[in-house]
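# pasting the sequence and the predicted model now:
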Amino acid sequence: MKVLLKGYYGFGNLGDDVLMRVVYLWLRRLKKYEIDVYSGFTPNNGSYPTHFPSDYNHYIHNILADTPTLVDWTHKAEYDLVIQGGGGIHFDHSKGGNKYLMLNKLFEGIGVSAVAKSESVLRRLSNKKLNIAFKHKIGIGVGIGDFTKDGRNRIRHASAIRQYNYLWVRDSLSEHWLKRLGYKQKSFRASDLAFKTESWIP
């Protein structure tokens, strides 16, 4: 089974990297997964700082005491499962004006499922395939919200949320936005796996 750990990994953020370690060690103990790790902190990132070495995010190998393949958004592959790491992932504080205000009201009324289906149809019609494809996706300790009423990226996030087959959110605000966005899949709220300190404090 081919698995991708996806999150804000390799940016030097301790909390996110701790979550990555906990989930990775859990999967490795099960001994039936081929695991890649997604890290967007690469020269392929348009805002990558030029004073950083191109292999900066390879410190991930030290944290994991293993050498999984590190991939970014340019990587083309299909995974059986994507496990999206926690933190504030889905939010939008941008201001798009009246056009986006009307669009967001329309799509909020339609619901997340319809948004995702519309995007999927448009993607097929334009023959624009995702680089990273997957059969199933779960979220662990994911933070959702806030969203401005006229946010330019609200619809995109709504569609991404719909892709989760199972979603573990971190707080009541996230639950509020799931309900407001019309998420219908399985979800629950619980503490972050980073509190499983025996997996990383040593």
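Yep, it's here.

# now do the strands in this protein.
For the chain, the strands defined by DSSP state E occupy 2-6, 34-38, 69-71, 77-84, 87-92, 132-147, 166-169, 186-189.

# quick one: least confident helix or strand in the protein?
In the chain, no helix or strand scores lower on mean pLDDT, DSSP states H and E than helix 112-125, which sits at a mean of 64.

# need the longest helix for the protein.
As far as residue count goes, and with DSSP state H defining each element, the longest helix of the chain is helix 14-30.

# got the buried residues for that helix?
By neighbour count, with 16 or more other Cβ atoms under 10 Å as the criterion, the buried positions of helix 14-30 are 16, 17, 18, 19, 20, 21, 22, 23, 24, 27. To be clear about C-beta, it is placed using only N, CA and C from the backbone, and glycine gets the same treatment.

# can I get it as PDB, trimmed to CA atoms?
The C-alpha trace of helix 14-30 is given here as PDB (Å, rounded to 0.1, in the frame of the first residue of the first chain):
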ATOM      1  CA  LEU A  14       8.600  21.900  15.300                       C
ATOM      2  CA  GLY A  15       4.900  21.300  15.900                       C
ATOM      3  CA  ASP A  16       4.200  20.100  12.400                       C
ATOM      4  CA  ASP A  17       7.400  18.000  12.200                       C
ATOM      5  CA  VAL A  18       6.500  16.400  15.500                       C
ATOM      6  CA  LEU A  19       3.100  15.300  14.100                       C
ATOM      7  CA  MET A  20       4.900  14.000  11.000                       C
ATOM      8  CA  ARG A  21       7.200  11.900  13.200                       C
ATOM      9  CA  VAL A  22       4.400  10.400  15.300                       C
ATOM     10  CA  VAL A  23       2.300   9.400  12.300                       C
ATOM     11  CA  TYR A  24       5.300   8.100  10.400                       C
ATOM     12  CA  LEU A  25       6.500   5.900  13.300                       C
ATOM     13  CA  TRP A  26       2.900   4.600  13.700                       C
ATOM     14  CA  LEU A  27       2.800   3.600  10.000                       C
ATOM     15  CA  ARG A  28       6.200   2.100  10.000                       C
ATOM     16  CA  ARG A  29       5.400  -0.200  12.900                       C
ATOM     17  CA  LEU A  30       2.500  -1.700  10.900                       C
END
